[in-house]
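Undergrad: following is a predicted model, sequence given first.
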Amino acid sequence: MTVTNLRANIDHWAERVDLAATFRWVERLNMNEGVANHFSLAVNPDGTQFLMNPNQMHFARIKASNLLVLDANDPDVMTQPGAPDPTAWGLHGSIHRHCPHARCVMHVHSIFATVLASLADSTLPPIDQNTATFYNRYVIDEEFGGLAFESEGERCASMLSDPKKKVMIMGNHGVLVIGSDPADTFNRLYYFERAAETYIRALQTGQPLRVLSDEIAEKTAQELDDYPDQAAAHLREVKALLDADGSDYAT
């Protein structure tokens with residue numbers, strides 16, 4: 001089937017292409033883990049129908065055409081052919097079922113975010129512009145209960161009720177980021193990993209940290225919240241780089 005025919009016969013094509021591009025780029029950044037980790041994107045008004053990566057497919061191979069379409073309210077999803085990874089269904093299905101503001105959900109075990117999540121104190125102090133981006137904009141899950149099957153997913157979803165808190169530092173686990181679309185969510189994920197790396201490397205020096213005041217940290221975070229078009233430009237450039245390399249993500 002040609003790309004033209006694919007576009008004509010598969011719904012949500014533009015959304016599929018954007019989401020597929022984020023899988024490919026996250027893999028290039030070494031932020032994924034084997035054939036684990038999952039991204040999802042709501043495609044109906046109440047957020048309960050969503051795209052997600054196929055079970056056990058490496059991020060480097062994911063294409064727009066092979067993303068699953070799932071219904072968070074369908075109790076038979078896991079018994080059907082082509083069922084998603086059960087932990088992905090437990091976590092992402094629960095979030096899309098209960099958190100309509102979480103249009104896009106990205107969960108990874110990226111190195112620096114996971115190191116942060118493994119500390120007894122997983123707070124991220126505002127020590128630079130990137131860390132200040134997340135000032136008062138994340139929640140910390142301190143009750144890791146094992147793999148994210150249905151009950152664990154429901155518990156995590158209950159922690160995302162505040163639309164301002166768009167990052168969950170998943171203690172003993174990794175990080176989960178939500179946003180309005182793939183560009184917004186990928187951009188937030190990218191900068192959170194950068195922020196976590198800055199903080200972890202600063203701790204490694206053993207020197208005192210230069211922590212911003214609450215006032216300046218909030219001012220910086222708000223300025224970045226309002227910064228025009230950065231997320232869209234970031235994904236646009238990622239897609240341009242993938243296209244230049246002949247990637248098949250958009251097929």
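TA: Nice, thanks for sending it over.

Undergrad: every contact and neighbour count from this point should use C-alpha atoms.
TA: Will do.

Undergrad: quick check: residue 106 is in a strand.
TA: Yes: using DSSP: H, G, I helix; E, B strand; the rest coil, the assignment for residue 106 is a strand.

Undergrad: can you get me a residue count around it?
TA: Using other CA atoms under 10 Å as the criterion, residue 106 is surrounded by 24 other residues.

Undergrad: tally of neighbours for the closest residue in space to it that isn't next to it in sequence?
TA: Of all residues not flanking residue 106 in the chain, residue 39 sits nearest, at 4.4 Å (CA to CA, 6 or more residues apart in numbering). Residue 39 has 26 neighbouring residues, counting by other CA under 10 Å.

Undergrad: so what secondary structure elements neighbour the helix or strand containing residue 39?
TA: Element membership of residue 39, judged by DSSP states H and E, is strand 38-42. Packed against strand 38-42, as judged by 3 or more CA pairs under 8 Å, 6 or more residues apart in numbering; DSSP states H and E, are the following elements: helix 13-28, strand 49-52, strand 104-108.

Undergrad: a markdown table for these, including mean pLDDT?
TA: Below are those laid out as a markdown table (pLDDT from 0 to 100):
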| stretch | mean pLDDT |
| --- | --- |
| helix 13-28 | 98 |
| strand 49-52 | 98 |
| strand 104-108 | 98 |
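
Undergrad: and the strands in the stretch 51-200 of the chain?
TA: Along the stretch 51-200 of the chain, the stretches classed as strands by DSSP state E, counting those that start in this stretch are 68-71, 104-108, 138-141, 167-170, 174-179.

Undergrad: what lines up beside the last one in the sheet?
TA: Which is strand 174-179. strand 104-108 (antiparallel), strand 167-170 (antiparallel) (DSSP bridges).

Undergrad: list of residues touching that strand?
TA: With contacts defined as CA atoms under 8 Å, 6 or more residues apart in numbering, strand 174-179 is touched by 101-110, 113-114, 117, 166-170, 185, 188-189.

Undergrad: which of the residues you listed are buried?
TA: Neighbour-count burial (16 or more other CA atoms under 10 Å) applied to the contacts of strand 174-179 gives 101-110, 113-114, 117, 166-170, 185, 188-189.

Undergrad: got the contact list for the spatially most central residue of the chain?
TA: The residue lying closest to the centre of the chain (CA atoms, centre = their mean) is residue 106, at 1.9 Å. Residues in contact with residue 106 (CA under 8 Å, 6+ apart) are 38, 39, 40, 176, 177, 178, 185, 186, 189.
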